[in-house]
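Peer 1: below is the sequence, then the predicted model.
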Amino acid sequence: MTGSKTLLEVKNLKTGFKTDDGHFLAVDDVSFKLEEGKTLGIVGESGCGKSVTSLSIMRLIPNPPGKIEGGEINFNGRNLLTLSDEEMRKIRGNEIAMIFQEPMTSLNPVFTVGNQIGEAIELHQKGLSKQQIRQNGRDAEARRYPRTR
């Protein structure tokens, strides 16, 4: 596609962990690009590094024992690995987010997707009215899950 903008580019990412048995490289030289408006699926066997790659992008690797040891994570032209913790907190949830795969931290089937997106919007986009938050959540849900009736 001509003129497409690179939203996320991961270059030669390496993330390791210190264990009782020594050093373990969970992500070794991972690279990919995601163009704006596109969808990217990261698939692989259990334990291959999908979650660690995603947590690295979000800069949520617990240190210690984990550490992003190399590479670049460019999001909207900024290398996330060079940002302060405060700058990363402003980006997380506002510009980039992830849905965790653990059952206790993923989307709750009791509530609509729109309500749960609205909750994230309320936490990260200060100054919106309750009505704007609800509408933004509904709009996001409608874009992702259009009604077929």
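Peer 2: That came in fine, so what should we check first?
Peer 1: C-alpha from now on. contacts and neighbour counts both.
Peer 2: Will do.
Peer 1: hey, where'd the strands end up in the chain?
Peer 2: Under the criterion DSSP state E, the chain carries strands at the ranges 6-19, 22-35, 66-75, 78-79.
Peer 1: just name the most buried of those strands.
Peer 2: strand 66-75 (a mean of 19; mean count of other CA atoms under 10 Å).
Peer 1: so, low pLDDT: which residues of this structure?
Peer 2: Within the chain, the segments meeting pLDDT under 70 span 1-3, 100-109, 124, 140-149.
Peer 1: where exactly do the helices run in it?
Peer 2: Ranges of helices in the chain, per DSSP state H, are 50-57, 85-91, 113-124, 130-144.
Peer 1: could the ones you listed go into a markdown table alongside mean neighbour count?
Peer 2: Output for the helices of the chain, formatted as a markdown table (neighbours: other CA atoms under 10 Å):
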| stretch | mean neighbour count |
| --- | --- |
| helix 50-57 | 19 |
| helix 85-91 | 13 |
| helix 113-124 | 18 |
| helix 130-144 | 16 |
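Peer 1: dump those helices into CSV; add distance to Asp29 as well.
Peer 2: Compiled in CSV, the helices of the chain are given as follows (distance: least, CA to CA, whole Å):
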stretch, distance to Asp29
helix 50-57, 10
helix 85-91, 23
helix 113-124, 32
helix 130-144, 32
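Peer 1: of all the ones you listed, which lies closest to Met98?
Peer 2: Each of the helices of the chain has some distance to Met98 by CA to CA; the shortest is helix 50-57, at 7.7 Å.
Peer 1: quickly list the domain ranges of this protein.
Peer 2: With automatic domain parsing as the criterion, the domains of the chain are listed as 6-83, 113-144.
Peer 1: and of those, who's closest to Asn94?
Peer 2: Among these, domain 113-144 comes nearest to Asn94, with 5.6 Å by CA to CA.
Peer 1: chain center to that closest one: distance?
Peer 2: In terms of CA atoms, centre = their mean, to the nearest Å, the centre of domain 113-144 is set 18 Å apart from its chain centre.
Peer 1: what of stretch 89-98?
Peer 2: The answer for stretch 89-98 is 7 Å, by CA atoms, centre = their mean.
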